[in-house]
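J.: Sequence first, then the predicted structure, then my questions.
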Amino acid sequence: MKDIKNFINGQYVTNVSGKTYEKRNPVDNSLIGLVHEAGQPEVDAAVAAARAALHGPWGKLSVVERCAMLDGLVAEINHRFDDFLQAEVADTGKPAHLASHIDIPRGAANFKIFTDTIKNVSTESFEMRTPDGKTARSYGVRTPRGVIAIICPWNLPLLLMTWKCGPAMACGNTVVVKPSEATPSTATLLGEVMNKVGVPPGVYNVVNGFGVNSAGSFLTAHPGVNGITFTGETKTGTAIMKAAADGIRPVSLELGGKNAAVVFADCDFDNAIATVTRSVFENCGQVCLGTERVYVERPIFDKFVAALKVKAEGMKPGRPFDHDTKIGPLVSKIHQKKVLSYYARAKEEGATIVFGGGVPDMPDDLKDGCWVEPTIWTGLPETASVVREEIFGPCCHIQPFDTEEEAVRMANDTKYGLATSIYTQDISRASRVATQIEVGLCWINSWFLRDLRTPFGGSKQSGIGREGGLHSLEFYTELRNVMVKY
Ligand SMILES: O=C(O)C(=O)/C=C/C=C/O
């Protein structure tokens, strides 16, 4: 059984309270280990260590020296690929082939993109004539924002944590990470790698625990935190934004979504089916960019529904390292209960259940896992709960449309604005629709393709700010203007 501790000032520590909670494997509910819950004393210690590290050896490194150290981190994460893979799969239950193609490679790539970017960034400079006939020159200076609180989710634990740690540390900040209580292992393991490559103590800290009245709220309320970056549900984002207001701390928020796919009759049908299958069911539907609303032009509606049903039927659930496993469980019993409540709601509201809608019949040794069936609905109005609310499971509702205007109106009819995918071979229509849909990210004939230099983030209630490439500088640095007269 694992002993999952906090990582503060370069040391693995338990806590003053002695409080622990069980971390169970979502595949079969077996006990993975006990997590030592960080309380106010541990959060205070982590923030103090991060503050001290800003002014220690870390703060004295040049940007090139800092990026060289982080490149060592990239190599060590890749060297310990299997350790991260085992930890991530145990915490989440996701298929090993998914974690080994997405989660773990991105754990390293999320540092590399920023060590490549940050050391090549320049700042602006202007010259002006002064009223007394002399000259004045301005130049920009970027400095680290300070201590960054990183609150990250359970669906892509390593990916989404390093997507924030990468730019934060490359820009010279120090961090206190609060992983989801459901997935503490890879963030905690990363502490070993930080020590191995010589990242000074206090630069990277991990406090494990829950949100409300726990490590999460202690951290976001802490006056020693200079900025808060969060990926997760919109209602938690609202609470974090309120906490950040005290002390005027900036936030970078990537929140919930109710993402649409818009499929026109002229699409490459096989590509549309294959890609929508991924965007609905990948990671058991637990991807913030995933699709839960599918709009299909009427001439191909029946054909599309039938083809997606065949894909859902082929989604064999199973153990992560079984080669024929196509889909894993949800991350926890709590989340399984939430998703099944929406499955029941859809039935009550009169949905046609094309496929799924319940719990798959699993072998006895897996029956106690957090399993749900991949599910497809049709026949509901746009006002139905499963069409309006984020479920975050392997499910979607498919709605026919007759005109481009109708498709855009339905896709935009949501408080969210994270991601959309559009399927058509008419490039003019693709661009026309893509610029009308109110989201932060729009893929055409594709999904979840990621160029890490591009702006990433949500519109409306799906978030604030953009992270990626140079865009991360806005949140992870302070920009100072210096003027000299001569
Ligand atoms: O790909 C990324 O950088 C990213 O942030 C993915 C987010 C997925 C959320 O569930």
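T.: That came in fine, so what should we check first?
J.: and the stretch 201-350 of the chain, which residues reach the ligand?
T.: Residues of the stretch 201-350 of the chain lying close to the ligand (Cβ under 6 Å from any ligand atom) are 287-289. C-beta: built from backbone N, CA, C; applies to glycine.
J.: closest to the ligand among those?
T.: residue 288 (3.2 Å; Cβ to the nearest ligand atom).
J.: What residues does the closest one make contact with?
T.: Applying Cβ atoms under 8 Å, 6 or more residues apart in numbering to residue 288 gives the contacts 153, 155, 231, 254-257, 392, 418-419.
J.: cutoff 6 Å now
T.: residue 257 (Cβ atoms under 6 Å, 6 or more residues apart in numbering).
J.: Just confirm it is within a strand.
T.: No - judged by DSSP: H, G, I helix; E, B strand; the rest coil, residue 288 forms no part of a strand; its state is coil.
J.: Out of the residues of the stretch 201-350 of the chain next to the ligand, which is nearest to residue 178?
T.: For those, the minimum distance to residue 178 (Cβ to Cβ) is 17.8 Å, reached by residue 288.
J.: where does the closest one land on pLDDT?
T.: As predicted, residue 288 sits at a pLDDT of 97.
J.: Which member of the residues of the stretch 201-350 of the chain next to the ligand is positioned nearest residue 369?
T.: Once Cβ to Cβ is applied, the member of those that ends up nearest residue 369 is residue 287, at 19.5 Å.
J.: Provide the count of other residues in contact range of that closest one.
T.: Using other Cβ atoms under 10 Å, residue 287 is surrounded by 22 other residues.
J.: Dead centre of the protein: give me the residue that sits there.
T.: The centroid of the chain falls nearest to residue 160 when counting by Cα atoms, centre = their mean (4.2 Å).
J.: count of residues packed around residue 361?
T.: 9.
J.: still on that earlier bit, contacts only, for the residue nearest to the centre of the chain.
T.: Contacts of residue 160 by Cβ under 6 Å, 6+ apart are 152-153, 231.
J.: Need these in CSV (columns: neighbour count).
T.: Output for the contacts of residue 160, formatted as CSV (neighbours: other Cβ atoms under 10 Å):
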residue, neighbour count
152, 26
153, 23
231, 28
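J.: From those, pick the one nearest residue 277.
T.: Distances from residue 277 to these, taken by Cβ to Cβ, are shortest for residue 153, at 23.0 Å.
J.: Am I right that the closest one is in contact with residue 180?
T.: Yes - contact status for residue 153 versus residue 180: in contact at 5.4 Å, counting by Cβ atoms under 6 Å.
J.: what about stretch 235-249, average pLDDT?
T.: Across stretch 235-249, the per-residue pLDDT values average to 96.
J.: With stretch 220-230 instead?
T.: Here the average pLDDT along stretch 220-230 is 98.
J.: would TSV of the residues of the stretch 201-350 of the chain next to the ligand with distance to residue 58 be doable?
T.: Shown next, in TSV, are these (distance: Cβ to Cβ, whole Å):
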residue	distance to residue 58
287	33
288	31
289	33
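J.: Make JSON lines out of the contacts of residue 160 and add distance to residue 326 and secondary structure.
T.: Formatted as JSON lines, the contacts of residue 160 follow (distance: Cβ to Cβ, whole Å; DSSP: H, G, I helix; E, B strand; the rest coil):
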{"residue": "152", "distance to residue 326": "26", "secondary structure": "coil"}
{"residue": "153", "distance to residue 326": "23", "secondary structure": "coil"}
{"residue": "231", "distance to residue 326": "26", "secondary structure": "strand"}
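J.: List the contacts of residue 133.
T.: Counting by Cβ under 6 Å, 6+ apart, residue 133 touches no other residue.
J.: Thought residue 330 was touching residue 336, still the case?
T.: Yes - between residue 336 and residue 330 there is a contact at 4.8 Å, judged by Cβ under 6 Å.
J.: for the stretch 51-200 of the chain, which spans come out with low pLDDT?
T.: For the stretch 51-200 of the chain, no stretch has pLDDT under 70.
J.: can you pull out the helices in it?
T.: Along the stretch 51-200 of the chain, counting by DSSP state H, counting those that start in this stretch, helices occupy 57-60, 63-79, 81-92, 96-98, 104-118, 157-170, 185-197.
J.: how about those, which one is nearest the ligand?
T.: Nearest of the helices of the stretch 51-200 of the chain (Cβ to the nearest ligand atom): helix 157-170, 4.7 Å.
J.: and the closest one, does that touch the ligand?
T.: Yes - for helix 157-170, a contact with the ligand is found by Cβ under 6 Å from any ligand atom, at 160, 163.
J.: Show me which residues of that helix are buried.
T.: 157-170 (16 or more other Cβ atoms under 10 Å).
J.: Also stretch 428-441?
T.: 430, 433-434, 437-441.
J.: And the furthest pair within the buried residues of helix 157-170?
T.: 157 and 170, at 20.3 Å, using Cβ to Cβ across those.
J.: Restricting to C-alpha, output stretch 226-241 in CSV.
T.: The C-alpha coordinates for stretch 226-241 follow below in CSV (Å, rounded to 0.1, in the frame of the first residue of the first chain):
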residue,chain,number,x,y,z
ASN,A,226,0.7,36.0,-6.0
GLY,A,227,-1.4,34.3,-8.7
ILE,A,228,-3.8,31.4,-9.0
THR,A,229,-4.1,29.1,-12.0
PHE,A,230,-7.0,26.6,-12.0
THR,A,231,-8.5,24.0,-14.4
GLY,A,232,-11.7,22.5,-13.3
GLU,A,233,-15.5,23.1,-12.9
THR,A,234,-16.9,26.5,-13.4
LYS,A,235,-18.5,26.7,-10.0
THR,A,236,-15.1,26.0,-8.3
GLY,A,237,-13.6,28.6,-10.6
THR,A,238,-16.1,31.1,-9.3
ALA,A,239,-15.1,30.4,-5.7
ILE,A,240,-11.4,30.7,-6.6
MET,A,241,-12.0,34.0,-8.3
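J.: what's the distance between that stretch and the middle of its chain?
T.: 12 Å (Cα atoms, centre = their mean, to the nearest Å).
J.: what does stretch 432-451 give?
T.: With Cα atoms, centre = their mean, you get 17 Å for stretch 432-451.
J.: picking that back up, now flag whichever of the buried residues of stretch 428-441 is closest to residue 18.
T.: Of the buried residues of stretch 428-441, the one sitting nearest to residue 18 (Cβ to Cβ) turns out to be residue 440, at 43.0 Å.
J.: check contacts around that closest one.
T.: Residue 440 touches 457-459, counting by Cβ under 6 Å, 6+ apart.
J.: Sort out for me which of those are in strands.
T.: residue 459 (DSSP state E).
J.: Most neighbours among the contacts of residue 440, please name it.
T.: Using other Cβ under 10 Å as the neighbour test, the contacts of residue 440 are led by residue 458, with 28 neighbours.
J.: excluding its backbone neighbours, what's nearest it?
T.: Spatial nearest neighbour of residue 458, chain neighbours left out: residue 418 (4.2 Å); criterion: Cβ to Cβ, 6 or more residues apart in numbering.
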